[in-house]
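>>> A structural model of the following input is requested.
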Amino acid sequence: MRTRATVATVTGALALSALVLPSAAQADGAHGSAGSAAAVARAAQSAAAGQSAAKTGARSAAPASDPGEMDLTFSKLVVNGGKPIVVGTTYTKRVATTFTVTHAADVNIFASDFLLDVNLYRGSYEFPSNELYSDDFPVCKKVSTKVATCKGNISVTPDFDLIGNADATKWKAMGFAVDFRGEDPENPDFSKVGFALQDKLGNATVQRASKQSVKTSAKSVKKGKTLTFTGWLSRASFDDLKYHGYTAQPVKLQFRKKGSSTYTTVKTVKTNNKGDLKTTAKVSANGYWRYSFAGTSTTPAATATGSYVSVK
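Numbering: from 1, shown residues only. Sure thing, here's the model as predicted:
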């Protein structure tokens, strides 16, 4: 059962009720574990709502000494090395994030009650359909008095974070920061809380994990005889967290001769309405046979382990 709900409309003290701040000063730039990154996003969004600011890209900043919006921006965000985030049905998938934070000299991002991170969302900025966060705050290292580089993660737990197959798409990225400035995180005076929110940091794609199998009708045949090759192409469903056949997809039957390192395509076959594959080919040499799927925008490539067939 999915228990997570979008947090875009949560405001006030409720937004901060689950927030846990680091209990000690951070060492070596580490923000430490601050519990739910989603709660921090609520804090930033609540502060933004309290200031009645429009949520469009990087906002114009107030002086760091004043309450409200801080002079802080995010840049150079990279999620998972620029590769898609491939998610299955069971295990949590964590992928790395790296980004740069630029801020006014009197904005102390290493203060014990200062929190920042990046997250992904789909839908609109004001009313996202779903959001993905880290499961710990990033480690940031000081580059200069106004610049820091940060390393964090995006964490995706299928039964908690994903709503359905519509989540297999391109997501947008944003950054947030909250400076409580000595305020009680569970009951702050929002007129005294500093914040920063920045949209349009980039994109990342979430894909449904795929599997490809192959099976031969025999492991040894006479040279020139026809062999039958079956297989199944499946992919994760974010609707019911099971694997189902991927229908009507072109898949290549490939062969690699014993002693060679290269597979060649013998023919292309389409999966049926259950994701099954079945075709035949003549065998003329010892070697390995496999099915290989090239992938789509929502589903990554999948290749079966080669099945060895010998010639008598």
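>>> where along the stretch 101-250 of the chain do the strands fall?
114-123, 128-132, 139-142, 147-156, 170-179, 194-208, 210-212, 215-216, 220-221, 226-236, 243-245, 250-257 (DSSP state E, counting those that start in this stretch).
>>> just checking, what packs against the third one?
Packing partners of strand 139-142 (3 or more Cβ pairs under 8 Å, 6 or more residues apart in numbering; DSSP states H and E): strand 147-156. (Each C-beta comes from the backbone N, C-alpha and C, glycine too.)
>>> Counting by contacts, list what the strand it packs on packs against.
Counting by 3+ Cβ pairs under 8 Å, 6+ apart, strand 147-156 packs on strand 85-87, strand 93-103, strand 114-123, strand 128-132, strand 139-142.
>>> Report the buried residues of the first one.
Of the residues in strand 85-87, those scored as buried under the neighbour-count criterion (16 or more other Cβ atoms under 10 Å) are I85, V86, V87.
>>> Could you dump the residues you listed into JSON lines and include pLDDT and distance to R290?
Shown next, in JSON lines, are these (pLDDT from 0 to 100; distance: Cβ to Cβ, whole Å):
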{"residue": "I85", "pLDDT": "98", "distance to R290": "26"}
{"residue": "V86", "pLDDT": "98", "distance to R290": "20"}
{"residue": "V87", "pLDDT": "98", "distance to R290": "24"}
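>>> A104: which of those is nearest?
I85 (33.0 Å; Cβ to Cβ).
>>> In contact with the residue nearest to the closest one when sequence neighbours are not counted, which residues are there?
Of all residues not flanking I85 in the chain, V206 sits nearest, at 4.9 Å (Cβ to Cβ, 6 or more residues apart in numbering). By Cβ atoms under 8 Å, 6 or more residues apart in numbering, the contact list for V206 reads P84, I85, V87, L132, V156, D167, A168, T169, W171.
>>> coming back round to it: of the helices and strands packed on strand 147-156, which is nearest S213?
Among these, strand 85-87 sits nearest to S213 (Cβ to Cβ), with 17.8 Å.
>>> helices or strands next to that closest one in the packing?
strand 93-103, strand 147-156, strand 194-208.
>>> Reformat the ones you listed as JSON lines; add distance to K267 and mean pLDDT.
As requested, those are exported to JSON lines (distance: least, Cβ to Cβ, whole Å; pLDDT from 0 to 100):
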{"stretch": "strand 93-103", "distance to K267": "34", "mean pLDDT": "98"}
{"stretch": "strand 147-156", "distance to K267": "36", "mean pLDDT": "96"}
{"stretch": "strand 194-208", "distance to K267": "26", "mean pLDDT": "94"}
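>>> between those, which gets nearest to M70?
Of the helices and strands packed on strand 85-87, nearest to M70 by Cβ to Cβ is strand 194-208, at 4.6 Å.
>>> hmm, back to that, any chance of the contacts of V206 in TSV with distance to F238 as columns?
Shown next, in TSV, are these (distance: Cβ to Cβ, whole Å):
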residue	distance to F238
P84	14
I85	12
V87	8
L132	13
V156	10
D167	5
A168	7
T169	11
W171	13
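>>> Run a quick check on V193 versus D179, I expect a contact.
Yes. At 6.9 Å, V193 counts as touching D179 under the criterion of Cβ atoms under 8 Å.
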